[in-house]
Structures are given as C-alpha cells and as structure tokens.
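Trainee: Provided below are the primary sequence and the corresponding predicted coordinates.
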Protein chains: 2
Amino acid sequence: MVAPTDAIRTKTLVLKPKMAKTAPVTPVVVVALEQTATNLSALAKHLALKDMRMANEDLLQDVFAVGKDTITPLALSNVSQEALGRIVLVVDAAMVQLATADPEPLLALQPPTAAAPVHGTASQLLDLFATLPIAYQTVDFATLGPAPAPTPAKKPAPKKAIAPVKKPMAQDDDNSGPKIGIEANKNDDFSRWYQQVLLRSEMLEYYDVSGCYIIRPWAFFVWKQVQRFFGDAIEQMGIDDVSFPMFVSNRMLEREKDHVEGFAPEVAWVTKAGSSDLEEPIAIRPTSETVMYPYFAKWIRSHRDLPLRINQWCNVVRWEFKHPQPFIRTREFLWQEGHTAHLTHQSADTEVHQILDLYRRVYEELLAVPVLPGVKSEKEKFAGAMYTTTVEGYIPATGRGIQGGTSHHLGQNFSKMFNVLVEDPAAGNEDRGPDGEAKKLHVWQNSWGLSTRVIGVMVMVHGDNKGLVMPPRVSATQVVVIPCGLTVKTTAEERSRVEAGVQSVVATLQAAGVRVKADLRDNYTPGYKFNHWELRGVPLRLEVGPKDLKAQACLAARRDTGAKQSLPLAELTTRIPALLDTIQADMFNRAKQVRDQAVRVVTDWKDFVPALNDKCLLLIPWCEQVACEEQIKERSARVNSGDEPEDDKAPSMGAKSLCIPFTQPAEPPLVPGETLCVGCGQLAKRYGLFGRSY
Amino acid sequence: MVAPTDAIRTKTLVLKPKMAKTAPVTPVVVVALEQTATNLSALAKHLALKDMRMANEDLLQDVFAVGKDTITPLALSNVSQEALGRIVLVVDAAMVQLATADPEPLLALQPPTAAAPVHGTASQLLDLFATLPIAYQTVDFATLGPAPAPTPAKKPAPKKAIAPVKKPMAQDDDNSGPKIGIEANKNDDFSRWYQQVLLRSEMLEYYDVSGCYIIRPWAFFVWKQVQRFFGDAIEQMGIDDVSFPMFVSNRMLEREKDHVEGFAPEVAWVTKAGSSDLEEPIAIRPTSETVMYPYFAKWIRSHRDLPLRINQWCNVVRWEFKHPQPFIRTREFLWQEGHTAHLTHQSADTEVHQILDLYRRVYEELLAVPVLPGVKSEKEKFAGAMYTTTVEGYIPATGRGIQGGTSHHLGQNFSKMFNVLVEDPAAGNEDRGPDGEAKKLHVWQNSWGLSTRVIGVMVMVHGDNKGLVMPPRVSATQVVVIPCGLTVKTTAEERSRVEAGVQSVVATLQAAGVRVKADLRDNYTPGYKFNHWELRGVPLRLEVGPKDLKAQACLAARRDTGAKQSLPLAELTTRIPALLDTIQADMFNRAKQVRDQAVRVVTDWKDFVPALNDKCLLLIPWCEQVACEEQIKERSARVNSGDEPEDDKAPSMGAKSLCIPFTQPAEPPLVPGETLCVGCGQLAKRYGLFGRSY
C-alpha cells in the first residue's frame, strides 16, 4: 500500500509513569497529530501522574507485542484484557476535531519510516477506541500550558521514535495513592468529566462492541426504581405487560413508509445463523410499531376489545453512526414502549397526556430533574405520528436541551396501514350498507417510550466535581454509616463499641425502610471512605464515633450541600427519612432554579445567538414552519458571521426546536395575527423553545 | 425448472365450511400427499365444522390471489393478515413424517398439469408455515375414520383439481356458534391441544419470524410473578441486577473452547447496519459467560471484591433448527442469568444449591409443578461447566421429562480462560515470590438460569380438556365474579341489585388483596362466560344471583376440581384467600401424585423400554459412563427389535439421562462394588433418572 503524500502525520507515544515498586505498570498511550506539541510534563500534571518516561522496548513488546518503530494505535488490539484495564489512553483534541471534518482527511498512523505505513481517518480511529473496554480521554494540548522547547516528540528520529522526557514533572499537587476521585472539571471538560464519573462511580463499563455499554448495579438500580414507579402507575391504568419478539421481517418493517424511512438507516440485520445464511435477512427492532400492529388487527375484532393497551420493557437497537455517548446515545438501549388502540381520537389524546405526565413525574419526582412538557414541531415529531409530545430537559454544563421521553398520538396512520378497524358502535341502520354491514372505523393509536437515557440526564444535571450526586429516591444506598474517631490509641473494647453502634444505627434505619449500608472495611481510613461514597453520590453519610455515642448522637453529612448536623440516635427513624425527603426536594428546587434562569424569552433575532452562546434555551414567538426551523438551525450555526458579535465562541451546532411548551410565556404576550416570528418575520403562532440539543 | 420425475406428488385443497350468513368465511386449507385419502367429512367432524365444500374460484382469487390449477401452499403468503387469522390450516401427518426422513424426499407442490411446477421438502414447507401468524394442525387422515370410496381428492382432474364434497357431514356433535373451547383432547392429540390452549386462552400468539412467539398478558403475568419471587429472593441474598449488551464480538465468543462449541451452531449473526456491511459480524448472545467474564477480570482486583454476584433479566437467542415449540423451545427467549465469582470452591458450591432450591420453589410453590433436583451426567452438563445441577419436571401426557432450570458450578474453567484471579488472602510470607507477590488464585464461578419455559411446563402439567388450569399464585385473575340467575323476567331493579352485589364482592376481595374481576358484559350468557374463564383457567368463579344475595351468600366453583360450595358473603375476606391456598396446594399434591406414580425403579433392562412406553421416568442403578448413556439412548430408540415386546408403540425417541437425583431411592439398595448398571452391566455408582425428554 502506497502512502498518499498528503496524509496527515500522527504519532503514538507510550509512556510509563513512576509508580510504587509493587504497583502494576499503568502505561499512558498518547495518540496525537505529529504537529501537536505534546507537552508531556503538562500532561502528567493534568493526569495527576508522576514522572512519565517513554516506555522501553521491553514494555512495548510485553504489552503491545510491537517495537517502537512500528507502534500504531492498532497495537491496542494486541493488549490483554487485564493490561488494557490499566492503560490510560489519551487522544489529541486536534485529532478528534478532524473526525467532524467533511470529507475527513486521511491520517498516516505510523512514522513514514516504517516499512508498512497504515492509513485511516480520525473517526475510524475513534471507532476503534470505542470498541476497547476502556475509556479514552480527549486532551487539548494547546490548553495544557506552554510547551517546553523543543517539544520532545515533534520530530521523531528514525530509530528512536520519541526522545524520553528526562525531567520529572514540576509539581504534583496530590501525592496520595491511586485516584478514586474525579480529576476532570465539570465546567471545563464536561465530556471527560461525564466519562470519569460514570466509570469511577461504577455506574458504567465500556464494552467491546462500539456504542454498547454495560450498566452496572449502581446505575441499574435507578432503572429499577423507574420501572417500579412507572410500571405500577400503568398497571393501575389497566395497561398490561407483554413481550414481543425482537426480530422483525423486512415485510413487516416496510409496511409503514414514513416510519420505516425514519429508522431504515439505523436498522441492524441478522443474516446468518450458525454457519448458514438465512433465506431472508431479519431486522432487530428499532421500535415495535410494525412488529405489533399486524396483531392489533388480529386481536381487535369489535369496539368491545378497545381500548387495547400493552407495554413492554425491552431492548431495542438503533445502529447510529454518530458518536455514541453512554446512556444518552447508544446502539442498544433499554426502554419501555407502550402501544395502545382507542375507539376515539379523544380517548387516545387523553392517554397521551396522562403518560407524558408520568414521564414528567419520573424526571421531577424520582430523578429531581425539572423538565418542560410540550409538543414537538412537525420537523421533530416521531416518524409516522400525528403529533409527538415530549418532556425536555436541560443540561446546564453544556447549555443543551435533551429530549427526556416522548408520547405519540399516531392518529389513524398505522391503523390504516395495518387494517386495524372495528364496526362503529354508534352506527344506526342508515349507516349500514346493502349487506347490513355497519360502517367501519379505524382505531386511534398511541405509542410512548422512556429509556435508560434518564440515568444519563440525572448524572449530568446533579453531578459535581466530587462525582455523582444521587437523588435519594433512586439511590441504591441512601445512607452510609462510617465509624470515625478511632485511632491507634483506641482500645479494642471502644472499637467494638463503635462498631456495635454503627450496626445498631443500620438496623434501626433498615427497620424504618431506609436503604442503608455500613462501611466497616478496616483497611481504609474514614477519609478514603468519605471520598469513596461521595464519588458514588450517596445522599447522606452518618459518622459514628466514640464521642457521638457518648452523646447518643451521630453526625449527618449531606452529599448535595455538604451541610452537617448532629442527630440524636433516638430520633433517627423520623429525622433520617425527613432529611432524605428534604434532600430530594432541595435537589429538584436547585436544578429548577438553574434551569429557569437558563430559559430566556427572545423577541429579536440579534439576541438569539448570543443567548444560545450564553448556554440558554430560547423561547421565541414562532411561525412553526419547517423551513423557518431549518433556517434558524443554519443561521445559528454560522461561524464568523458579520453582524453577530459572538465570533469567539459561536456554536458549532445550530439550534433546533425542542418543543412548543404547553405552558406558554405570559410576557411579552403573543398577539395572534400581529406578533411576528423571530426566525422569519412571518406571523407567529406560539412560543417555541429552541436550543442546542443532544 | 424441470420436475424431477421421482418427486412425491401433493395436493392443496381449499374448503369452505357452512357458516351463519353474517359470519366471515373461514377457509380450511388442507396440504397433503396426493396419495393420502383425505376423507373430508371425517375431517369436518374432526374440526367440528359443518358441510365443508370445495372453495369456488372467487374465494380462491379473493383470498389467495391464485386460481384452482395453480394453488400451492406458497399462496398462503399472499393472504392478508386479517384473512389469515380466520384460516384453518391442516397438514397431512404423512407429510410431517417425511420431514424427519434423511435425506428428505422432494415434494411436487403443484399438480403436474400446472405450467410451472414448484418443488420443495416437507421441512421447508413446515418452516414456511411456522412463519405464518397462525398455527397449523397436523391431521392423521388414516385415523380419522374410513374413507368414502372413491376418495374425492385422489385423482384430480386437469381442470377441476378436486371434486367438491357434496354430502353434508354425517353428524356434528356440537352445533353451537363459534368455538371458544378446546377441541383437541389432551391425551389423544397433545401437541394440537397445547397449541389450542395457548392460542385460545390468549397466552400466546404465533409470529411472523419462525421460532419466535408473542407472549401475551395472560402468560406474561406468570413470568412477572416468577420475576417478583425470584428477584426478591436473590436481592435478599445480595445479588445485584445489571444489564450487559446483547451483542458479542467473535473474539470474546471464542475465548472458551468447550463452551463456544456448545453454542456455535445456534448463534445468530448481525452483519449489516442500515445499508452498510459491518466490518466484523457481531453475535447475539446465546448466554453471557463470555460477554461478562472479561469484565470480571477487570473488576475483581482483590479477594475483598469477592463474592461478585450479578444477575440480569434479558432475552437471548439460540437459532435452533429443531422444530420449535412455544415456551419450550424457541429461538428467542426471556430468562434470568446469574453469574457469580467466589474465593472458594465451597462458597460457589453452596450458592449453586441455594439457587437450585429457589428454582425448585418457583416450580413447586408458584407453579404447583413437582420437580426432581439432581446433577446432570457428564454428557448432559452445560458446555464448559464443572458440574450442572438441574430441576427436572415431568409431563404426564407425553411421559417425557423436561429440564426445568439449571445451576452450574463452572469451577475455575472460565476464570483460567479469562484470567480472573486474586491474591490468596491466606498466603503467608513463605508463599511469596522473590518480588513479594503473593500466590494468585483463580476464582470459582457459577452461572444459573431460568427461562420462560416455566410457563409451558405449567400449562402442560395442569391444563385439561377445557383449557388452562392456573395455579392461584401466578394467575393474573384469581377470582372472576359473574352475575347469574337473571332472566327476561328479572326487573331492572333486581338486575341492578345483582350488579351492585357483584361489584361489592369485587371491592371486598380487592381490599383483601385478591386479584379479582367482574364479568359484567351484557352481550354474553353466564354459560358463555363460564367457558370463557374456564378456558383461561381462572382458579375460582363466584356466581352471584338474586337468590344468593337474599341468602347473603355466593356460589364458588373451583376450576381445578369443578367442586362448588356456597360461601357467606360476610366470610369472603378469609374464606376466599384460604380457598385459593387450598387450590394451590391441591394442584401441587395431585401433580406430585401423578409424577410419583410415573417414576419407576427398574433394575433389569428387559423392563426398561416397556416402562418407558408406559410413559414413565426410570430410576436405574447406573455406571455414569458417557458410552453407556449413549448406548441406552440408542437401544431404547430401536423400533421392531427382536427381543423387546413393545413393537407396537416403541418410542421413536431414545431415553436420555435426565439427572442423578439428590434423593436416591432407598429400595432396592444400591450396593457399591456389587450392584450392576442396568445399561451396561458394569458396576453401578448411583441411581440415574432416565426418560424421553424435551
């Protein structure tokens, strides 16, 4: 293979930080553009690692099974599972940036001196990394600090790819052992912060198939709580659980045109079983409308069979090619999908809103996340729906809106395609044909779904620089009790008295229905344990020490505010549940205050992009036209436009309509036939909510 | 395409039974070998239909879009979903028999006069039928009764394929309207009975992808109850729920040799997304050992991380090519799979048995199905396990055993493959290497799973010729209350008093925690409603009429025994729950009695096959050798063997070892070193349980 001469050169550095002698080696792998000044001492500081040196040939051979001159990012595939778990993978932000270019330039993945140069694009590389069971970190070397001159890695010599960094890093601001906290700052490097929080809190694990993730117990419990709340609520409404196959024949998938067009590019196809090719490829459901509705036609024989209301908790697959993000955009995800059929438009309409309100309650009452309910624009509605209602969340750190859950009125669109019809029960004799057959009515249908995305939204909204902050209602552990105040001088008797005190607090709270745990590990200090549980976001920590016991009290520390108070042991069964309720309410109220401040009414286009760049969602008088929506997106994405003063940080992404909120702003009043659309200047219909979004 | 001259000729008959004028046409399609004497009047009687005539050209064109001369079974693919739901599809047993021949003979699917003959095998045809959302019935025309001479369909004329049957059927033993009951007899035609019960009780629906089925609410509720019981129990044990992706890379799948060999032929592969081919095919999990254990290696860093115990409720896919059977053998199924890692063999061993006992309790306490716990033979154990424990059920109607759920001790097999190891906490300094590293131990692992098969076993064991019989603990509706004794003479006032009485009974029972429903439909008679709920197996029916109310009582009818008793309304809150408990216990005890009588100790080979043919499971002194097990299977499958007297109904299937029961027979005592194996005559180790099985 001949190297195209215009391929952008890259470098792959393997570094070995200084560690305690007994600790296993944790190599740092840096994949960067050759032109990037990879300041390794600044990187070491950024990673909170000490004295990173270039790895020697032995380590390269042992871990990557390649030599210095031939190492490429592809060598990561050679690394054993065990060793992979210890690798820190750093990717140059300038390279990540190239993945969004269109067309993407070609990268040369090896020094040009190598015998067999390898080429690929940045996004192919990122896809490869996404298949590794480890997370990579994007590092913008430009912001890390001044590069030493000359940059050691700038011009690799033919034999020795990169000169080792000789100088130990200037100053490590933290000399304590392995990190269990979060190093990334939520506001400065949100996506790295999000990754670190999910991985280190043990909510999530990266997986070996791109776009798929492992949901670990700490996160899955949140989903279980959502299942319990929403599952009970719809059971009360008379909606039954079912299970449909996840496979769909092409014939069924294609029955509804608009719908299948919306999903076709993302459908995964099974074409083989064992070593045999299937006669026909079989799709994996991206959603179940076309899976279920042929059977609605079979089951609904009479208006007495209505409403038919079913739900399933299952996995679906949408093979998106956009960059995946845990919980937020994944190729397989868990959700519930409800599908119902009604005799009247009105009955379906009522249910659409009942379900949407349950979704609102999941966010607001369980996850303490405020959402704005509304209806989607024509452009953004579900493929095949008459209209789509939605609850829209807001992520303060990025200033982006996020679709939280949707409840669709499908109208008679699907029932006409799938012949779901009944005799009109109201039909008189005059409505009957010559054969005595009554007039037929197509049923009115809804579908609605809520996915594990809720977990990601919760993390993004509440987490801080110490890690997760869990709302008490969905936290697997609500209270952790930690023995404190024990020193080398503490007698064995006193020590066991404290442990007994901890156990007694746990027993008391368990009996009161609190999800509580003691941390009695004897190989960690209280400080280590505080960090451990703060990282996981446990809402309340109780400290029990000899002095507390003497005072018949314990010290309670809130995760959300850090506030501490002493609580009498005798009152724990009432005070702790009350405190958990307060935390839940406070978390919601704070998040709502932040959200409310970020939703800005804009009546003049000149204020639109500045407000967007101020991380706001915008309410504008809007004409509700598709063309206008597209234009708004385009105009708000423009960089370096002449009349907009926000050149510096103009958004790379245009604003979409998020919804037309059910609760419209009162001020300034929108006067029909008078107020003009902020986007196009035609007459405005309602206020529309716009913003960058996930 | 030229027809091979030796292809077996077939015929496809479309018949139209006589129906009420307003009823929709329900065509009967018969697919048979041409040589089979298809006695249509006997068939009509068998199907409980009246006066079946050959369909006219209009009906053929309307429904199948083909003419008489060109109709083949393939025309079923042309039929609309709606019309398909009304078709009765009958397949000649002689044709089904051919599907088991090896090699399969070719069938000519069209009269030889047709312009373009179509050929295929019987199993291809059955696969096609399995893709239809309707069930087909296998009919053995030979046993239906004497054929009229000449058989009308024996020699189709070139133009008019089959002469219409002129004579109305002799005698229909049931003239009532559309059937809501079960026509098939459980003992005579078990597989048709099973299909009918599942479909008509609305537990199940056939699906458009072969081997996949829709689990409807009435069946799904059973699974929900299993999830609640077992989910709570393992949560109490400290086992956490998680969710792993359903996709597996080939690299991971292949890591454990024995294991992958067990599953490889059944693995479904995704090779395309949208219109793009994937770079590498991705498997859908047949089970999750190789999905999960690489991450065990990552997560388990120290013996303090043990035991690691996780569980997931999910779908798995095993693309079996054997004939599928709803709930029992399906290509996609729902299950829970638990995966745990322990420091010691003993700890893993204890858990294996704890879980197996929970599986036993699911069957015995929830589903009222007795099972025999034991250990699988070497031949039958899980691919890759050290040993497999199992609970084995028994289906009286077929005399076959069925594996109910398995709990595997994986030993260190997987932990060695996936490098799941920890430092030995017991290691002293003498165990340390020169680098101070302690001895490493591979962890001991278990996996265990229980699937929706439980629903099928429950139906097979308890159902009767009226339909399902539901154990109260898993029945979505435990009690149905039906207003009775209302006639045309009943006053409106009395009628509403009865309805109020029914509602009050429902409210009383609901408050007592009973799952109860009123059937107040005014367009059906009480008799119709009785059948409706009996078909669905509701454990208890309460009849409330004017006389009952006057006596402040109601009449309770048990589904399991048919026994009736009058119950004072004032005592319902205690009597009904007690009665439901009695029904649950009685159902289990009856099933256990039947099972116990069918488990026979056999100490002489000459009694083996006769007992097998007597629908028994056999306990034999056994050597536990794989070769002996294979020989037993072969010898017990022999047909027309000289020295075995059971020629007439020798089993087509040989006996497998089901398990070595933990509770061994006391009589006759098995003397080690003395008692000989019934299979091979070598020394016996323990009693083994053998039988035909699913």
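Mentor: Here it is on my side, so go on.

Trainee: contact residues of the stretch 101-250 of chain A facing chain B?
Mentor: A:131, A:133, A:205, A:207-209, A:212-217, A:220-221, A:223-224, A:240-249 (C-beta under 8 Å from any C-beta of the partner chain). No exception for glycine: its C-beta is placed from N, CA and C like everyone else's.

Trainee: please redo it, this time with the cut-off set to 6 Å
Mentor: A:205, A:207-209, A:212, A:214-217, A:220, A:240-245, A:247, A:249 (C-beta under 6 Å from any C-beta of the partner chain).

Trainee: next structured bit after the helix or strand of chain A with the lowest mean pLDDT?
Mentor: Ranked by mean pLDDT, DSSP states H and E, the weakest helix or strand in chain A is helix A:81-84, scoring a mean of 72. With elements assigned by DSSP states H and E, the helix or strand that comes after helix A:81-84 is strand A:88-92.

Trainee: low pLDDT regions in chain A?
Mentor: Low-confidence segments of chain A (pLDDT under 70): A:1-6, A:20-24, A:68-69, A:81-82, A:100-102, A:110-117, A:145-180, A:428-437, A:638-651.

Trainee: residues of it that sit close to chain B?
Mentor: A:81-82, A:85, A:205, A:207-209, A:212, A:214-217, A:220, A:240-245, A:247, A:249, A:252, A:265, A:268-274, A:282, A:294-295, A:297-298, A:319, A:332, A:419.

Trainee: hey, C-alpha coordinates of stretch A:70-79 in CSV?
Mentor: Backbone C-alpha positions of stretch A:70-79 (Å, rounded to 0.1, in the frame of the first residue of the first chain) are rendered in CSV as follows:
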residue,chain,number,x,y,z
THR,A,70,6.1,0.0,14.3
ILE,A,71,3.8,1.0,17.1
THR,A,72,0.4,2.4,15.9
PRO,A,73,-2.9,2.8,17.7
LEU,A,74,-3.9,-0.5,16.2
ALA,A,75,-1.5,-2.2,18.6
LEU,A,76,-4.1,-1.6,21.3
SER,A,77,-5.9,-4.6,19.9
ASN,A,78,-3.0,-6.8,20.9
VAL,A,79,-3.2,-5.9,24.5
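
Trainee: quick one: contacts of that stretch?
Mentor: A:12, A:31, A:63-66, A:109-110, A:114, A:118, A:125 (C-beta atoms under 6 Å, 6 or more residues apart in numbering or on different chains).

Trainee: just the buried residues out of these, in ChimeraX syntax.
Mentor: The following ChimeraX command selects only the buried members of those, with burial defined by 16 or more other C-beta atoms under 10 Å in any protein chain shown:
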select /A:12,31,63,64,66,109,110,114,118,125
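
Trainee: keep only those of the contacts of stretch A:70-79 that are in strands.
Mentor: A:12, A:31 (DSSP state E).

Trainee: restricted to buried residues, select the residues of the stretch 101-250 of chain A next to chain B in PyMOL.
Mentor: A single PyMOL command selects the buried members of these (16+ other C-beta under 10 Å):
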select buried, chain A and resi 205+207+208+209+212+214+215+216+217+220+240+241+242+243+244+245+247+249
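
Trainee: which helix is the longest one in chain A?
Mentor: Longest helix in chain A, counting residues (DSSP state H): helix A:572-598.

Trainee: mind listing what's buried in it?
Mentor: A:572, A:576-577, A:579-580, A:583-584, A:587-588, A:590-592, A:595, A:598.

Trainee: same question, stretch A:303-313
Mentor: A:303, A:306-313.

Trainee: now render the residues you listed as CSV, adding distance to A:A341.
Mentor: Formatted as CSV, these follow (distance: C-beta to C-beta, whole Å):
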residue, distance to A:A341
A:H303, 11
A:L306, 6
A:P307, 6
A:L308, 5
A:R309, 8
A:I310, 9
A:N311, 13
A:Q312, 15
A:W313, 20
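
Trainee: grab the nearest non-local neighbour of A:D596.
Mentor: A:P370 (7.8 Å; C-beta to C-beta, 6 or more residues apart in numbering or on different chains).

Trainee: give me the neighbour count for the one you found.
Mentor: 23 (other C-beta atoms under 10 Å in any protein chain shown).

Trainee: residues in contact with it?
Mentor: A:591-592, A:595.

Trainee: go ahead and report the secondary structure state at it.
Mentor: Three-state assignment for A:P370 (DSSP: H, G, I helix; E, B strand; the rest coil): coil.

Trainee: now do the phi/psi pair for it.
Mentor: phi -70, psi 140 (degrees, to the nearest 10).

Trainee: on that earlier part again, out of the contacts of stretch A:70-79, which are inside helices?
Mentor: A:L125.

Trainee: spit out the contact partners of the residue nearest to A:V139 when sequence neighbours are not counted.
Mentor: In space, and not counting its chain neighbours, A:V139 is closest to A:V90: 5.1 Å by C-beta to C-beta, 6+ apart. By C-beta under 6 Å, 6+ apart, the contact set of A:V90 is A:30, A:137, A:139.

Trainee: likewise A:L689?
Mentor: By C-beta under 6 Å, 6+ apart, A:L689 lies in contact with A:617, A:619, A:658-659, A:661.

Trainee: between the buried residues of stretch A:303-313, which is nearest B:H339?
Mentor: B:H339 lies nearest to A:W313 out of the buried residues of stretch A:303-313, by C-beta to C-beta, at 20.8 Å.

Trainee: where does that closest one sit: helix, strand or coil?
Mentor: strand.

Trainee: ok, what's across the strand from the residue lying closest to it once chain neighbours are set aside?
Mentor: Nearest residue to A:W313 in three dimensions, chain neighbours excluded: A:Q336, at 4.9 Å (C-beta to C-beta, 6+ apart). A:Q336 has the following beta-bridge partners by DSSP bridges: A:W313, A:L450.

Trainee: coming back round to it: among the contacts of A:P370, which one sits closest to B:V197?
Mentor: Closest to B:V197, out of all of those and judged by C-beta to C-beta, is A:A591, at 52.5 Å.

Trainee: looking from chain B, tell me which residue of the stretch 551-694 of chain A is nearest.
Mentor: A:L580 (20.4 Å; C-beta to the nearest C-beta).

Trainee: can you name the residues that contact that residue?
Mentor: A:472, A:478.

Trainee: quick one on the thing from earlier: could I get the contacts of stretch A:70-79 as TSV with distance to B:Y694?
Mentor: Shown next, in TSV, are the contacts of stretch A:70-79 (distance: C-beta to C-beta, whole Å):
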residue	distance to B:Y694
A:T12	55
A:V31	53
A:V63	49
A:F64	50
A:A65	48
A:V66	52
A:L109	54
A:Q110	57
A:A114	59
A:V118	53
A:L125	50
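
Trainee: chain B: which of the contacts of stretch A:70-79 is nearest?
Mentor: Set against chain B, the nearest of the contacts of stretch A:70-79 by C-beta to the nearest C-beta is A:L125 (13.5 Å).

Trainee: what's the distance between that closest one and A:V96?
Mentor: 9 Å (C-beta to C-beta, to the nearest Å).

Trainee: show me where the stretch 51-200 of chain A has its helices.
Mentor: A:57-59, A:81-84, A:93-98, A:122-130, A:190-200 (DSSP state H, counting those that start in this stretch).

Trainee: report whether the expected contact of A:P568 with A:L555 is present.
Mentor: No. Contact criterion C-beta atoms under 6 Å: A:P568 and A:L555 do not qualify, at 11.6 Å.

Trainee: those two: who's more crowded?
Mentor: A:L555 (18 against 11).

Trainee: how about A:E494, secondary structure?
Mentor: Going by three-state DSSP: A:E494 is helix.
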